[in-house]
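Asks: Sharing a sequence plus its predicted fold:
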Amino acid sequence: MQQVADAGDVAVNPFDLGEAIEQIDAAVTDVRADGVALLTLDGDHTIALPILRSLARDYETDGVRRAVNRMRRRLGDSPVYVSIDVDVLDPAHAPGTGTPEAGGLTSRELLNTLRGLVGLNVVGADIVEVAPAYDHAEITGRGRPRRL
């Protein structure tokens, strides 16, 4: 027999994960309906998924493909200079920078962005903020060049 807890006006079934996620998503969306900022405390890690789903419906979550499409439309046939600041990457993917930025792009996201620029009128490029003093060959494979 399933136990059901009362959470105000909503019966919460802690044994049905899908139902719980839907209920959290709906409750968060309802709370945010009036423009209220959300802060959650405690709870299981599972609460993050429905909270993020609710927030994603209202904020800049386009992903690489849409970002590249916007760049391509804006750039058209113009000459393009590509500048990559290494600290755009999450430090887990590029520890060799003097200014690590947590929450940055993954290597895959950056590579897919660059691949999305193929066919544009690229006239030059650079990679900046590389700090070899902070790099570790065992981690990044320094000295083994890769073709992007």
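Replies: Yep, that arrived.

Asks: This protein: strands as residue ranges?
Replies: Counting by DSSP state E, one finds strands in the chain at the ranges 5-7, 10-12, 80-85, 122-128.

Asks: what's the longest one packed up against?
Replies: So that's strand 122-128. strand 80-85 (3 or more CB pairs under 8 Å, 6 or more residues apart in numbering; DSSP states H and E). Heads up, the C-betas are built off the backbone N, CA and C, glycines and all.

Asks: ok, residue 105 touching residue 92?
Replies: No - using CB atoms under 8 Å, residue 105 is not in contact with residue 92, being 10.7 Å away.

Asks: between the two, which one's more packed in?
Replies: The residue with more neighbours, out of residue 105 and residue 92, is residue 105; 17 against 12, by other CB atoms under 10 Å.

Asks: quick one: that one and residue 75, what's the gap?
Replies: Distance, residue 105 to residue 75, by CB to CB, to the nearest Å: 19 Å.

Asks: so where's the protein shaky on pLDDT?
Replies: Residue ranges of the chain with pLDDT under 70: 1-14, 61, 134-148.

Asks: Kind regards, and thank you for your time.
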